[in-house]
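1. after the sequence you'll find the predicted model.
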Amino acid sequence: IPVPNLISFAEALEVGYSKYKNPYHNLIHAADVTQTVHYIMIHTGIMHWLTELEILAMIFAAAVHDYEHTGTTNNFHIQTRSDVAILYNDRSVLENHHVSAAYRLMQEEEMNILANLTKDDWRELRSLVIEMVLSTDMSGHFQQIKTMRHTLQQTEGVDKAKAMSLILHAADISHPAKSWELHYRWTMALMEEFFRQGDKEAALGLQFSPLCDRKSTLVAQSQIGFIDFIVEPTFSLLTDSMEKIVMPLIEEASKSESPAFGTHSQNSLGAVSNPEAQRRPTFKSTSDGGTHTENSLATVDLTSFKDNLMKIIQANKERWKELAVEEELVKNVGEQEKDQSRNSTDAQLQEETTRIQNESSQGSDGTTCPPRSIVLQVVSFDTSLSDESNSEKCTNSDPNQKDLTDAQQETQNTDPLNGEPKHCKKTEDLVKATEQKEALIQN
Ligand code: AMP
Ligand code: ZN
């Protein structure tokens, strides 16, 4: 890749990712997903199964996968009959645009980072990139999981493009598998993006899309649903797939005591037919003759990789559960206040808010809870119930306010709570779970 071309292309990508000033789908998300794909390739050992060209395709697809994202969902494009929805016939509207627009950039000679590929390599890379980016459309999620699960039960090798698509899809929704601080911030950024879409929908007289009504969305509860229905199954499938592909490579390499043990690995499932695999650059950074290279197959520990991921996902879910209790409480308080003919005093409401904050200032593990702002996000008073000073007191009392972006603070200050009180918990939970599942698929 000619370096000047790479620089021009990367700069143009950054401009495109910044076009709509999205809180979530911006250049940092692109960098985050690209880095995560890189991490997965190294730590699962899957890079030893992939050719040089396929590794390039993975990194490239991750980098462009949300290029020029509008900050609105496919469904919004379809409902508003936007130009891209018309152009792509309502099918994976955004994802089609991301790949197409990124390739259009490379039509300019100075941005053509693929100029030195042979015709065949260029075609192969393009085909992989298109398949991977289109697979980030959440509407294909359940089918993708089902197909891959089925593949794992067969004796044949795993399809390369399918495995690569799963890696990109997993990286794309990987923030719940990262530290709470990161996961929390990404979630709030996404919620703000959804809420901005909700604001647009309200202005256009459209119905709110799921999770887009800033007045009634229960963030913590939606996250539990997202983790249960989407994230856990995806990462469980990812690690199972990596195991099926990589374990035979490790066995083979250790048996033959391949000097490279990671530099000349070849797929025993027979999936690597391309001689390119042999001339793939290893990711080794140091070499002592090949017996112990930094990212060799010998250093791959899939069990730790899996355990670590699952532990983090579980821990994050627990944090959301704690916050969901508060969210529920706050919601009910808001409702009760409303029911009392809206004659409750500010002091009462403030007292309840303070109580909730005090009660929840300690996490179950004894550590201080991370930003309480998620509670405040929903506790922020209904404008009909509160005056300015009240909501100000509320937001200012958040000790973690500094953790929020301006956009998120804006949400806090304007985000009233509005929802139905809970009567039958069990049925409600079931209904909610189904609704969440539908909401997540739709978005
Ligand atoms: P992408 O738009 O390519 O980033 O695809 C990932 C999609 O997953 C996002 O657009 C969201 O719809 C969804 N998603 C990611 N993280 C979350 C989350 N924490 N809660 C709900 N949906 C999420
Ligand atoms: Zn994405």
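-> Everything's here; your move. Ligands and ions are numbered 1, 2, ... in the order given.

2. surely Tyr39 forms part of a strand?
-> No: secondary structure of Tyr39 (DSSP: H, G, I helix; E, B strand; the rest coil): helix, not part of a strand.

3. from ligand 2, how far off is it?
-> 16 Å (Cβ to the ion, to the nearest Å). (Each C-beta comes from the backbone N, C-alpha and C, glycine too.)

4. retrieve the pLDDT associated with that residue.
-> Tyr39 is assigned a pLDDT of 98 by the prediction.

5. ok, it - how many residues close by?
-> 13 (other Cβ atoms under 10 Å).

6. and it, how far from Ala163?
-> 16 Å (Cβ to Cβ, to the nearest Å).

7. residue of the stretch 201-350 of the chain closest to ligand 1, please.
-> Phe226 (4.0 Å; Cβ to the nearest ligand atom).

8. same question but for the stretch 51-200 of the chain, I mixed them up
-> Thr136 (4.1 Å).

9. does Leu182 sit in a helix or strand, and which one?
-> According to DSSP states H and E, Leu182 maps onto helix 180-204.

10. what are the buried residues along that helix?
-> Residues of helix 180-204 classed as buried under the neighbour-count rule (16 or more other Cβ atoms under 10 Å) are 180, 183-198, 200-201.

11. what ranges do the helices span in the stretch 201-350 of the chain?
-> 219-226, 232-255, 302-339, 346-359 (DSSP state H, counting those that start in this stretch).

12. looking at these, which is buried most?
-> Most buried of the helices of the stretch 201-350 of the chain, by mean neighbour count (mean count of other Cβ atoms under 10 Å): helix 219-226, with a mean of 23.

13. which parts of the chain sit against ligand 2?
-> 66, 172 (Cβ under 5 Å from the ion).

14. any low-confidence regions in the chain?
-> 257-293, 341-443 (pLDDT under 70).

15. please repeat the previous calculation with a cut-off of 90.
-> 253-296, 329-443 (pLDDT under 90).

16. about what we covered before: what is the helix holding Leu182 packed up against?
-> helix 74-79, helix 219-226, helix 302-339, helix 373-379, helix 406-414 (3 or more Cβ pairs under 8 Å, 6 or more residues apart in numbering; DSSP states H and E).

17. now the angle from it to helix 302-339?
-> On the basis of axes from the mean of the first three to the mean of the last three Cα atoms, to 10 degrees, helix 180-204 is oriented at 50 degrees to helix 302-339.

18. any part of helix 180-204 near ligand 1?
-> Yes: interface with ligand 1: helix 180-204 contributes 187, 190 (Cβ under 6 Å from any ligand atom).

19. any idea how far Ala62 is from Arg126?
-> To Arg126, Ala62 is 15 Å away according to Cβ to Cβ.
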